[in-house]
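K.L.:
based on what follows, work out the 3D shape:
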Amino acid sequence: MDLSTAVAVTVATLRRRPADLLPFYLLGTAVPAIARTGLVLALAGAYLHVERSGQLDAAVDALAGTALTPPSTEDPEAIAQWARGVEPVVEPLASPTVVGLFAGGVFLTALVAILAFAAVSAGQMSAVAARLQGDRGGTAGVAGSRRRWRTFLGLYVAEVVLWVGIVALAGGVVGVAGLVGGPFTGALVGLGVILVAGGALVLVRVTFAFAPAAVVVDDVGVFDGVSGAGGFIRANPVDAAAYLVVAAGVLVAISSAASGAVYVGGSALVGLGSAVVAAPALDLVKTALYGDHRGAVDPVNEPPAGLVEQATDGLRRGWTELAGFVRRTPLTHLVVVGVGVGAGVVGWTAAEPFAGAVSTSIETRLVGHVPPVAAVAFFGNNWTVAMATAFGGVALVVPAVMSIALNGAILGGVAALEVNRQALVAFVVPHGLFEIPAIVVSGAVGVRLGVVAWRTYRGRLRRAALADALEHAFWVIVGVGVLMAVAAVIEGFVSPYYWRLW
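P.N.:
Residues are numbered from 1 along each chain as shown. This is a model prediction of the structure:
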């Protein structure tokens, strides 16, 4: 199979039953939401500590009359004077307990992120291999995530170790050459070392690019996976090099699109497209190439419907699935609403001591508002949050509930500090009628996914049940996207303006 055939297979696989594959890539967008749980809990514990110990009152007292915004000038003396003025505010909040809690939260967040990324990657590649072999991707992804996460973690650790080792060895050789032979000799040796080390790093990267495909196609461990990837590269150097060029081109295109999207508010959409379109496409291409090398690919055909018709049918199905989910799970939605409202009260209470000393202003935030740019940014950001909330719930409910609570607390805190609450309410209501229910639905999806995941982990449900739940969650999130699009248009074009008439 050449690269062009692999690309055609990739397009056909993505179009045929996308809900059997893409949920695992939406899970990838939820990894930050899963990982930040530890940090959020640590920060909540730190706040309780400073509030109970009286340090919060000391900080609030010191805050009165203190300018928190650093000076715009680059004068070192002015900056130093500002830092001395802020120090009495920060010092009561920087106790050893607070620092320890924060450090522990950061460590736990990093650890969970690494483990979650390995598990999600294992599920993604297992689902990809299954789809290319004509099997159901959902059940294969669920099984692969549980069986192969250690293998994928081992692959990532091995690649990092090799990169660090090559760079360290190259640096050592150049350093020794400079000491022994002088600067000129060191420079000549350094040029040769850069070329050799650069080639070695490229070889490591392309080998480990195909190693995950070897792991899932051959069902092997780390060493056999790397060995299988090396055998594929030796047997198909042109295809391997072509894939590397395509992957590099995709990364450059994404970076360029992200840079340009900053000016039109589309950064979040570019990131989302990278996560749920570019990432699965590259995984499919390399797995198709390796699978054909091993004689383990049974490509699917493209669906008979055209792309526009398929997209329209998908939006319609997403809306239908969303409406049905809301009707079937009223109690779950009520619980999510309770969490959000309760967190809003907590956020208001936590921020209230700072009212007056710290303030927010919706009118100030709307200065320079450009409706189309803002609408695109609101849609991309809010839909991404909804996806992370929903699919983060697969980690036993907690990240979904935490996301709802965090959003509620932020909204409550901002409302407590707002200088013109009537304006804030007037701004939020029109688009909030669509956006807030959409966030609630995403939280309810996360809760349901977490319950199913827990019951599957305990052996009370089969893996197919979790695969079904992931597929259903995908379609509900498509419906949530429709709500978010309507909310974004209103928030961009209506909410900032209509209330000014009164």
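K.L.:
enumerate the positions of stretch 161-170 that are buried.
P.N.:
By neighbour count on 16 or more other Cβ atoms under 10 Å, the buried set for stretch 161-170 is 162, 166, 170. Every residue, glycine included, has its C-beta placed from N, CA and C.
K.L.:
find the nearest non-adjacent residue to the last one, please.
P.N.:
Looking back up the chat, that one is residue 170. residue 197 (4.0 Å; Cβ to Cβ, 6 or more residues apart in numbering).
K.L.:
distance between the helix or strand that contains the one you found and the chain's centre?
P.N.:
Residue 197 belongs to helix 137-218 when elements are defined using DSSP states H and E. Centroid separation for helix 137-218 versus its chain: 25 Å, with Cα atoms, centre = their mean, to the nearest Å.
K.L.:
report the rounded mean pLDDT for that helix.
P.N.:
For helix 137-218, the mean per-residue pLDDT is 91.
K.L.:
what's that helix packed up against?
P.N.:
helix 22-35, helix 96-132, helix 222-235, helix 237-261, helix 279-293, helix 463-493 (3 or more Cβ pairs under 8 Å, 6 or more residues apart in numbering; DSSP states H and E).
K.L.:
quick one: average confidence on the first one?
P.N.:
Confidence for helix 22-35, expressed as mean pLDDT, is 95.
K.L.:
CA atoms only for it, dumped as PDB, please.
P.N.:
Output in PDB follows, covering the C-alpha atoms of helix 22-35 (Å, rounded to 0.1, in the frame of the first residue of the first chain):
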ATOM      1  CA  LEU A  22     -13.700   9.800  17.200                       C
ATOM      2  CA  PRO A  23     -14.900   9.500  20.800                       C
ATOM      3  CA  PHE A  24     -11.500   8.300  21.800                       C
ATOM      4  CA  TYR A  25     -10.000  11.500  20.300                       C
ATOM      5  CA  LEU A  26     -12.500  13.600  22.200                       C
ATOM      6  CA  LEU A  27     -11.300  11.800  25.200                       C
ATOM      7  CA  GLY A  28      -7.900  13.300  24.300                       C
ATOM      8  CA  THR A  29      -9.300  16.800  24.700                       C
ATOM      9  CA  ALA A  30     -10.600  15.700  28.200                       C
ATOM     10  CA  VAL A  31      -7.100  14.800  29.500                       C
ATOM     11  CA  PRO A  32      -6.500  18.300  30.900                       C
ATOM     12  CA  ALA A  33      -9.900  18.300  32.600                       C
ATOM     13  CA  ILE A  34      -9.100  14.900  34.200                       C
ATOM     14  CA  ALA A  35      -5.600  16.000  35.200                       C
END
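K.L.:
quick one: name whatever helix or strand follows that helix.
P.N.:
helix 37-53.
K.L.:
tell me the buried residues in that following helix?
P.N.:
By neighbour count on 16+ other Cβ under 10 Å, the buried set for helix 37-53 is 37, 38, 39, 40, 41, 42, 44, 46, 47, 49, 50.
K.L.:
cool, and stretch 359-379?
P.N.:
Using 16+ other Cβ under 10 Å as the test for burial, stretch 359-379 gives 360, 362, 373, 374, 375, 376, 377, 378, 379.
K.L.:
take those and keep only those in helices.
P.N.:
Mapping the buried residues of stretch 359-379 onto helices (DSSP state H) picks out 362, 373, 374, 375, 376, 377, 378, 379.
K.L.:
tell me how far the first one lies from residue 433.
P.N.:
Going back to what we said before, that points to residue 362. 17 Å (Cβ to Cβ, to the nearest Å).
K.L.:
just to check, residue 41 is in contact with residue 104?
P.N.:
No. The criterion here is Cβ atoms under 8 Å, and residue 41 misses it with residue 104 at 9.7 Å.
K.L.:
contacting residues for the spatially closest residue to residue 374 that is not a sequence neighbour?
P.N.:
Once flanking residues are discounted, residue 374 sits nearest to residue 492: 4.4 Å by Cβ to Cβ, 6+ apart. By Cβ atoms under 8 Å, 6 or more residues apart in numbering, residue 492 lies in contact with 371, 372, 373, 374, 375, 376, 378.
K.L.:
tell me, how many residues neighbour residue 449?
P.N.:
27 (other Cβ atoms under 10 Å).
K.L.:
per-residue confidence at it?
P.N.:
So residue 449 comes in at 97 (pLDDT).
K.L.:
what helix or strand is it on?
P.N.:
Counting by DSSP H and E, residue 449 is part of helix 421-457.
K.L.:
show me which positions of that helix end up buried.
P.N.:
Buried, per 16+ other Cβ under 10 Å, within helix 421-457: 423-424, 426-428, 430-432, 434-454, 456.
K.L.:
which neighbouring elements make contact with that helix?
P.N.:
helix 307-328, helix 330-351, helix 362-365, helix 371-392, helix 398-417, helix 463-493.
K.L.:
how far away is residue 218 from residue 128?
P.N.:
The gap separating residue 218 from residue 128 is 14 Å, by Cβ to Cβ.
K.L.:
neighbour count winner among these two?
P.N.:
The residue with more neighbours, out of residue 218 and residue 128, is residue 128; 32 against 18, by other Cβ under 10 Å.
K.L.:
now do the contacts for the residue of the chain most remote from its centre.
P.N.:
Distance from the C-alpha centroid of the chain, by Cα atoms, centre = their mean, peaks at residue 181 (49.2 Å). Going by Cβ under 8 Å, 6+ apart, residue 181 touches residue 189.
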